[in-house]
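[1] Please work out how this folds:
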Amino acid sequence: MENQPAKADAVNAGGPPLVDSRQQTEAESHASAPSQPALPPPPPPRATLPSVRSIPDVPNSRLDTRPAPATGIGSANLRWRGETPVINTSATPSVAAKHSVMADTPLERPDSIAGTEEEDENEAIENVARSAPSWLLSLVMHLIALLILALLSFPSGNGFTNLVLDFGMSEEPAEEAVELDLSTPEFVETIEAPEDALDDSLMETEIPKIFDTIEPPEEEMEKVTPLLDGANSIEISKPMFSGRTGAMRQALMAMFGATEETKNAVKLGLAWLKRQQHRSGYWSMRGPYSSGAFSENRPAATAMALLAFAGDGNTHQSGLYRMEVEKGLKYLVGQMDRGGFMAGKARGNERAYAQAQATIVLCEIYGMTKDSWLRPYAQRSIDYAMKAQGRNGGWRYQPGEPGDTSVTGWYVMAIQSALSAGLEVDDEKVRKISNYLDDASVYYGAAYAYQPGRADATPAMTAEGLLCRQYLGWPRDRAELLDGMDMLRNDAPFEIKNHNVYYWYYATQVFHHYGGEMWRQWNDDMKVKLPAIQIKSGAERGSWAPQKDRWSIGGRLYTTCLSIYCLEVYYRHMPLYDNK
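    Numbering: from 1, shown residues only. Down below sits the predicted model:
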């Protein structure tokens with residue numbers, strides 16, 4: 001899944017410049033000496049001095065205008081940078097400063113005695129300083145140090161706007177402690193420093209990093225750039241199902257030739273599926289719709305419906321059909337045993353298909369949401385798939401049985417979904433799949449049979465085998481892949497009279513990944529003809545009738561779901577190649 005940098009504010013909290021006590025004492029003692037000329041009578045005493053900044057620059061003033069010592073807290077300016085106070089000991093005294101020693105001191109003297117007065121002052125102040133005990137000076141310095149520590153540790157919250165300190169020589173005997181008067185700091189909600197309070201010479205404080213930069217997983221940083229006619233292009237990020245929502249989806253639909261007809265057909269199909277869900281969360285292969293399958297397989301029906309919803313960007317956390325997906329997911333995970341098997345209620349050979357399809361669902365939706373609740377179920381299901389792999393690298397009806405191309409294709413899709421979702425997959429077992437495909441191939445790898453050793457390659461098995469090859473790493477320019485694509489295009493184009501939705505499902509994916517002219521030729525037929533045969537009215541509005549399909553035994557839900565997958569192809573899976 002954005003820190004705003006803290007504003008640096010500056011606050012003046014200065015005090016008056018410190019006057020050397022030795023100068024004050026010497027001035028007093030020298031004034032009482034007989035040999036000193038008589039001074040003119042002083043003006044009436046003043047309760048307080050005017051602001052230090054308002055005192056004129058008079059050369060003969062008794063005010064010590066030399067810069068304050070570097071260690072003096074009275075001349076310190078506090079500047080708040082973030083939450084750390086920085087002390088600048090060279091700043092100008094605050095306007096609130098005052099000095100009790102100078103209360104009765106005239107600001108001006110006649111020029112005739114200016115030189116003598118200044119020498120007498122220095123000597124008098126030195127005498128006073130020598131008479132002060134060392135422990136008194138130590139006490140003052142310790143109090144100043146404690147004050148600095150208190151300011152540094154004080155919560156910055158709203159900050160200080162004004163700090164007033166009173167320094168002066170006590171009129172009490174030397175044995176008495178010197179009283180340090182600290183006025184109450186003033187607080188305001190915001191700190192607005194005057195421009196002249198900013199000191200560019202202050203050292204910049206390095207702010208430590210609170211949050212480490214989070215780098216996305218490597219598989220999500222891989223990029224491919226599909227091109228059409230060398231003109232339209234868009235940079236696409238993996239994983240394979242990251243284009244199902246938002247602006248990326250819209251861009252993919254425009255790029256790969258989706259239309260309003262394909263969009264509306266998907267919308268009607270999903271609405272039909274919603275109406276068929278049982279209140280317990282599952283779907284049925286047999287009804288309540290018309291023209292259902294001959295046998296029941298609720299795990300397969302539920303998985304197929306959920307794949308259609310997920311392909312359109314719906315999960316149990318978001319989307320128009322969030323509630324339907326959530327109920328369906330809970331049904332599937334409720335069927336799972338400790339070994340990860342979910343198709344225990346399916347019949348015979350249908351269990352393998354149901355298990356593979358349910359595994360795809362869990363891996364895809366986990367990859368789309370990264371929901372920690374779903375991860376253990378998805379991982380358990382892919383662990384079962386690894387254990388169920390046959391000796392020849394494929395999958396069939398029973399765990400460990402030598403595989404066939406039909407069941408193997410569904411498990412390959414499950415493995416790719418798991419890899420994209422970041423689940424743990426056995427690499428050695430994945431490599432064995434290529435061994436199976438080598439054994440099941442004909443025409444030097446360009447076509448595929450239902451099982452190894454058979455020479456009767458079919459369009460459906462060829463499309464499924466080539467899709468597996470694409471996901472397992474065959475490059476786009478591989479000769480066997482190109483030969484196989486040519487055979488499919490020439491011998492098995494998209495035609496309603498050869499209604500075979502199973503073949504259409506796999507061929508649509510193969511051509512989409514390959515891209516280019518082959519994809520355009522296939523899509524020009526598919527995007528027009530497939531929506532045209534969708535039921536547009538009545539109770540089955542939004543579905544596809546199974547009667548004319550080669551595998552009509554699967555029933556209406558079967559043909560409807562596979563047809564929806566074809567029309568979601570533009571964004572359902574990210575293209576594998578740089579489609580030039």
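[2] Spell out which residues sit in contact with the nearest residue to Asn500 once chain neighbours are set aside, please.
    Among residues not flanking Asn500 along the chain, Arg550 sits closest, at 4.3 Å (Cβ to Cβ, 6 or more residues apart in numbering). Where you see a C-beta, it was placed from the backbone N, CA and C, and this is true even at glycine. Residues in contact with Arg550 (Cβ atoms under 8 Å, 6 or more residues apart in numbering) are Asn498, His499, Asn500, Val501, Tyr502, Tyr503.
[3] Am I right that Arg550 sits in a strand?
    No: with DSSP: H, G, I helix; E, B strand; the rest coil as the criterion, Arg550 is coil rather than part of a strand.
[4] Tell me the one of the contacts of Arg550 nearest Ala354?
    The closest of the contacts of Arg550 to Ala354 turns out to be Tyr502 (Cβ to Cβ; 15.5 Å).
[5] Please look at that closest one and Pro546 and confirm they touch.
    No: at 11.5 Å, Tyr502 does not count as touching Pro546 under the criterion of Cβ atoms under 8 Å.
[6] Identify all contacting residues around stretch 275-291.
    So stretch 275-291 is in contact with 272-273, 292-293, 295-302, 304-305, 324, 327-328, 330-331, 539-540, 543, 545-547, 554-558, going by Cβ under 8 Å, 6+ apart.
[7] What average pLDDT does that stretch get?
    Averaged over stretch 275-291, pLDDT sits at 95.
[8] Need the distance between the two termini of it.
    End-to-end distance of stretch 275-291 (Cα to Cα, to the nearest Å): 15 Å.
[9] May I see the buried residues of it?
    Gln276, Gln277, Gly281, Tyr282, Trp283, Ser284, Met285, Arg286, Tyr289, Ser291 (16 or more other Cβ atoms under 10 Å).
[10] now stretch 421-430
    Residues Ala421, Gly422, Leu423, Val425, Val430 are the ones in stretch 421-430 that count as buried (16+ other Cβ under 10 Å).
[11] just curious, which of the residues you listed is nearest to Arg396?
    Nearest to Arg396 among the buried residues of stretch 421-430: Val430, at 17.6 Å, using Cβ to Cβ.
[12] How about the contacts made by that closest one?
    Ile415, Leu472.
[13] cool, and Gly484?
    By Cβ under 8 Å, 6+ apart, Gly484 lies in contact with Tyr443, Gly445, Ala446, Ala447, Thr462, Gly465, Leu466.
[14] ok, so what distance separates the first one from Leu481?
    With distances defined as Cβ to Cβ, to the nearest Å, the gap from Tyr443 to Leu481 amounts to 12 Å.
[15] So for these two, which residue has more residues nearby?
    Taking neighbours as other Cβ atoms under 10 Å, Tyr443 and Leu481 compare with Leu481 leading, 19 against 14.
[16] Could you report the neighbour count for Lys263?
    Other residues close to Lys263 by other Cβ under 10 Å number 16.
[17] Which residue is the nearest non-sequential neighbour of it?
    Here the residue nearest Lys263, using Cβ to Cβ, 6+ apart, is Met253, at 7.4 Å.
[18] quick one, phi psi at the one you found?
    phi -60, psi -40 (degrees, to the nearest 10).
[19] For it, give its distance to Val442.
    Plainly put, Met253 is 36 Å away from Val442 if you go by Cβ to Cβ.
[20] picking up where we left off before, among the buried residues of stretch 421-430, which are located in helices?
    Among these, the ones falling in helices (DSSP state H) are Ala421, Val430.
[21] Packing partners of the helix or strand hosting Leu146?
    Using DSSP states H and E, Leu146 falls within helix 134-153. In terms of contacts (3 or more Cβ pairs under 8 Å, 6 or more residues apart in numbering; DSSP states H and E), helix 134-153 is packed against strand 84-88.
[22] what is the rounded mean pLDDT of the strand it packs on?
    Per-residue scores along strand 84-88 average to 37.
[23] returning to what we had before: what two of the buried residues of stretch 275-291 are the furthest from one another?
    Greatest spacing in the buried residues of stretch 275-291, by Cβ to Cβ: Gly281 and Ser291 (23.1 Å).
[24] Listing request: residues of the protein with sub-threshold pLDDT.
    Residues of the chain meeting the criterion pLDDT under 70: 1-135, 137, 151-238, 579-580.
[25] how does it look with 90?
    1-242, 245, 287, 294, 345-348, 453-456, 548-554, 577-580 (pLDDT under 90).
[26] can you give me the strands in it?
    77-81, 84-88, 98-99, 160-162, 165-167, 181-182, 186-187, 223-224, 227-228, 232-233, 236-237, 441-442, 447-448 (DSSP state E).
[27] so what's Asp491 closest to, chain neighbours aside?
    The nearest residue in space to Asp491 (Cβ to Cβ, 6+ apart) is Pro459, at 6.9 Å.
[28] was I right about the one you found contacting Tyr505?
    No: the criterion here is Cβ under 8 Å, and Pro459 misses it with Tyr505 at 11.8 Å.
[29] follow-up on the earlier one: can you flag the buried ones in the contacts of Gly484?
    Among those, those scoring as buried are Gly445, Ala446, Ala447, Thr462, Gly465, Leu466 (criterion: 16+ other Cβ under 10 Å).
[30] Redo these as TSV? Include distance to Lys345.
    Shown next, in TSV, are the buried ones among the contacts of Gly484 (distance: Cβ to Cβ, whole Å):
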residue	distance to Lys345
Gly445	39
Ala446	40
Ala447	36
Thr462	33
Gly465	30
Leu466	33
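[31] Need the max-distance pair from the residues you listed.
    Gly445 and Thr462 (10.6 Å).
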